[in-house]
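Colleague: Dropping a prediction and its sequence here:
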Amino acid sequence: MIQPRSVTASEILTLSNNFIVPKFQRDYSWKKSEASEFLGDLQSEAARGLFLGTLIFDVSDENNKRITIIDGQQRLTTILLLLIACRERAKAIGAKEIANMTQQRITFVNAATGQSLGPLLIASESIKDVFDHVSSYSWDGTFLPRIDGKPVKRQVNRVKPVFDLFSHAISGHDQGLLSALLDAIYKVRVIRIDVEGEEEAFSIFERTNARGVRLRGFGSSEELFLSTGSNGTR
């Protein structure tokens, strides 16, 4: 029996699993408008924790440290882009401890050397090369037209506007404001639904998207989801 459960972004981002966006998923498509709405709702709901809808995961390969995202890649990717912007701001103001701790939510980190071991999220093919590049702690903030000889202009055009919006929004943050924003990010709440196998995954995906009334805005309550079966923005 499927048991939806309420979890925080912090609980998800500290798992020792890769989150995989499968190739059949649509491209990463959030633009500045969605990112701006998300950031505004995040800040206005900071005290109690923003509710961000449902995440559906296929955990049939969890023993191999792989969880497939059936529903939620837009939101999870955007949260990670905001964390990357926060990491870069922390580096800029010399808040090394904050930068290092934030990096541990973006990539796996070697406990002995402190080096990144690859991103937590295996992102959509539509942005994967650029996302992997900017996830690295050593990224210098430059969006390159090629990565390892591969043209990535289209990927940059998807990632850069969202990143730039976040970066500009927090450009004046001191250490205190940055810590408060990170706390709000980690307190984001979602309903997590775990399924096993593609058949069950798509069954629950269709049901959660077909029943009830779609949640309006990002700040709607879990109670509305649980009573209607409706779902937040993917």
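Modeller: Received it, and whenever you're ready, just let me know what you need.

Colleague: Only C-alpha atoms from now on, for both contacts and neighbour counts.
Modeller: Fine.

Colleague: the helices in the protein, which residues?
Modeller: Secondary structure of the chain, counting by DSSP state H: helices at 9-13, 32-44, 73-92, 96-106, 128-135, 153-169, 175-186, 198-210, 222-228.

Colleague: centre of the chain versus stretch 41-50, how much separation?
Modeller: 16 Å (C-alpha atoms, centre = their mean, to the nearest Å).

Colleague: Can you point out the buried residues in that stretch?
Modeller: Using 16 or more other C-alpha atoms under 10 Å as the test for burial, stretch 41-50 gives 41-42, 45-46, 49-50.

Colleague: before we move on, what about stretch 174-181?
Modeller: 178, 181.

Colleague: Give me the contacts around it.
Modeller: With C-alpha atoms under 8 Å, 6 or more residues apart in numbering as the test, stretch 174-181 has contacts from 43, 46, 86, 90, 93, 95, 98, 170.

Colleague: one more time with 6 Å, if that's ok
Modeller: By C-alpha atoms under 6 Å, 6 or more residues apart in numbering, no residue outside stretch 174-181 reaches it.

Colleague: Could you give the number of residues near residue 196?
Modeller: 15 (other C-alpha atoms under 10 Å).

Colleague: these two touch, right, it and residue 61?
Modeller: No - assessed by C-alpha atoms under 6 Å, residue 196 is found out of contact with residue 61, at 8.3 Å.

Colleague: quick check, nearest of the buried residues of stretch 41-50 to residue 138?
Modeller: Comparing the buried residues of stretch 41-50 against residue 138 with C-alpha to C-alpha places residue 42 closest, at 27.5 Å.

Colleague: and the most centrally placed residue in the chain, how far is that from residue 113?
Modeller: Closest residue to the average C-alpha location of the chain: residue 76 at 2.2 Å, with C-alpha atoms, centre = their mean. Residue 76 sits 27 Å away from residue 113, taking C-alpha to C-alpha, to the nearest Å as the criterion.

Colleague: returning to that earlier point: give me whichever of the helices of the chain is most buried.
Modeller: helix 73-92 (a mean of 22; mean count of other C-alpha atoms under 10 Å).

Colleague: for it, what is the average pLDDT?
Modeller: Across helix 73-92, the average pLDDT comes to 98.

Colleague: other SSEs contacting it?
Modeller: Helix 73-92 sits against helix 96-106, with contacts defined as 3 or more C-alpha pairs under 6 Å, 6 or more residues apart in numbering; DSSP states H and E.

Colleague: Now do the helix it packs on and helix 73-92, the angle between them.
Modeller: 160 degrees (axes from the mean of the first three to the mean of the last three C-alpha atoms, to 10 degrees).

Colleague: Give me the helices and strands touching helix 96-106, please.
Modeller: With 3+ C-alpha pairs under 6 Å, 6+ apart as the test, helix 96-106 has helix 73-92 packed against it.

Colleague: what's the spacing between the helix it packs on and its chain's center?
Modeller: 8 Å.

Colleague: and it with helix 153-169, angle?
Modeller: 60 degrees.

Colleague: chain center to stretch 135-143, what's the gap?
Modeller: 18 Å.

Colleague: Show me which residues of it are buried.
Modeller: Quick answer for stretch 135-143 (16+ other C-alpha under 10 Å): 135-137, 143.
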